[in-house]
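[1] everything below, folded, please.
(one chain, ligands or ions: 1)
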Amino acid sequence: MSDQVDPNHFKQAARRFASGVTVVTTTVGADAVYGVTVSSFASLSINPLLVTVSLASYSRLLDYVRESGRFAVSVLGSEQQTVSRFFSTQGRDPSPGFPGIAVARAVTGAPIIHDCLSYFDCEVHEFLPGGDHTILVGRVVSAGGTSGAPLLYYDGGYRELTDPRRLGDGLAVQMHLAGITGREILDAQAAIEPATAELAAVNATAEDLARLTVILAQAEDVMHDAARFTALGVAFHVAVGEASGNRALAGTLEALRLEKQALLERRNTVERARRAHHFHERILDRIRARDAGGARELMTRHVRKVAAQVVEVPAEVPIDVPAEAP
Ligand SMILES: Cc1cc2nc3c(=O)[nH]c(=O)nc-3n(C[C@H](O)[C@H](O)[C@H](O)COP(=O)(O)O)c2cc1C
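    Here you go, the predicted model:
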């Protein structure tokens, strides 16, 4: 069966698999180091802690790792494309250091790329055959990492991770620079949030519903604290955006997050917090019930009421308005 597959079709299919990018490194003799760019990394086992990388069987790195008995896997961040390019260049030789690339050492002494997203410091567990590649299995003796955007490889090129948060980041900076007004924020909210709630009722996953539930539970505990309640109230709206399954809407709501928070925070009172929270609970209830029309209608009323508060009340003076039936 496999003999009938055109290798080009195989390669085309394999290119459609998006991966992260790592550098696998080891020591060579007493004074030198060597490394190779590798996307075939996988975490294999928890007990014992094992990882694998697949290396072309002719790779010199395999010989060096056989000799040293250790290697490190450094997961690259989005800013480390040049690092990836360096370690995928052929014809390099072991050298005392990597030119322009700082390294650190953990337990085994294999070099770990400075500023990488995460690393696995390994002792050799075993070498397994895999066609024209060799699967290097490592027993992890030290691991660590920081947060940040990963470097991705897909369809033969380096890619950026685009999630709603990152879409929103760029848009937020642009909006801030453009000096968008409170009125514009409220008009945007009135225009898109009812549709967002409607879509959320259709598309929300179990994970989205759990996230919305947690945000409301947290908000309930900080009703007396205007800043914290506002942050969680706005987070609820952003999470509804994510639950809509529409990244353009989610990115826009994320972008509005900080400006909206600043706009609403100084006007919030305990009573307003309570009313907003009640609306949020009922909106979530409709989303959970898959009632798209109900979610839309409640969100329309909610954003209209919030807008009325902002327009009628002078910015500096938080005033309690009488409670009204939501
Ligand atoms: C993004 C990317 C991922 C790669 N992944 C692997 C891999 O998983 N295994 C492998 O053997 N080579 C991989 N390569 C190719 C090696 O990095 C490259 O051939 C390198 O020069 C091999 O070093 P060598 O000269 O010691 O064999 C990859 C290259 C790139 C650009």
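[2] so who does Ala197 touch?
    By CB atoms under 8 Å, 6 or more residues apart in numbering, Ala197 lies in contact with 240, 244, 283, 286-287, 295-296, 298-299. (Glycine included, C-beta is placed from N, CA and C.)
[3] what about 10 Å?
    Residues near Ala197 by CB atoms under 10 Å, 6 or more residues apart in numbering: 237, 240-241, 243-244, 283-284, 286-287, 292, 294-300, 302-303.
[4] then it would be within a strand, right?
    No: counting by DSSP: H, G, I helix; E, B strand; the rest coil, one finds Ala197 to be helix, located in no strand.
[5] read off the pLDDT value for it.
    Looking at Ala197, its pLDDT reads 98.
[6] likewise for Glu193?
    Per-residue confidence (pLDDT) for Glu193: 96.
[7] show me how the record splits this protein into domains.
    If you go by automatic domain parsing, the domain ranges for the chain are 2-159, 164-312.
[8] least trustworthy helix or strand in this structure by mean pLDDT?
    In the chain, the helix or strand scored least confidently by mean pLDDT, DSSP states H and E is helix 164-178, which has a mean of 71.
[9] which residues sit against it?
    If you take CB under 10 Å, 6+ apart as the criterion, helix 164-178 is touched by 78, 149, 160, 162-163, 180, 184-185, 188, 238, 241-242, 244, 246-259.
[10] which of those count as buried?
    Listed as buried from these are 78, 185, 188, 238, 241-242, 244, 246-247, 249-257, 259; burial here means 16 or more other CB atoms under 10 Å.
[11] stretch 64-82: how far from the chain's middle?
    Computed by CA atoms, centre = their mean, to the nearest Å, the chain-centroid distance of stretch 64-82 equals 23 Å.
[12] then it to CSV, C-alphas only?
    Output in CSV follows, covering the C-alpha atoms of stretch 64-82 (Å, rounded to 0.1, in the frame of the first residue of the first chain):
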residue,chain,number,x,y,z
TYR,A,64,28.0,13.5,18.9
VAL,A,65,25.0,12.5,21.1
ARG,A,66,26.1,8.9,21.1
GLU,A,67,29.5,10.0,22.4
SER,A,68,28.3,12.5,25.0
GLY,A,69,25.2,10.6,26.1
ARG,A,70,23.3,13.8,26.6
PHE,A,71,21.4,16.5,24.7
ALA,A,72,19.1,19.5,25.3
VAL,A,73,16.0,20.5,23.4
SER,A,74,15.3,24.3,23.4
VAL,A,75,11.8,25.3,22.2
LEU,A,76,12.2,28.6,20.2
GLY,A,77,10.1,31.7,20.6
SER,A,78,8.6,33.8,17.8
GLU,A,79,11.6,36.2,17.9
GLN,A,80,14.2,33.4,17.3
GLN,A,81,13.8,32.8,13.5
THR,A,82,17.5,33.6,13.0
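[13] let's see which of the buried ones among the contacts of helix 164-178 end up in helices.
    Among the buried ones among the contacts of helix 164-178, the ones falling in helices (DSSP state H) are 185, 188, 238, 241-242, 247, 249-257, 259.
[14] confirm that Pro129 sits in a strand.
    Yes: judged by three-state DSSP, Pro129 forms part of a strand.
[15] report pLDDT for it.
    For Pro129, the pLDDT comes out at 97.
[16] can you classify the closest residue in space to it that isn't next to it in sequence by secondary structure?
    Spatially, and ignoring its direct neighbours in sequence, Pro129 is nearest to Ile135 (7.5 Å; CB to CB, 6 or more residues apart in numbering). Here Ile135 is strand, with the state taken from three-state DSSP.
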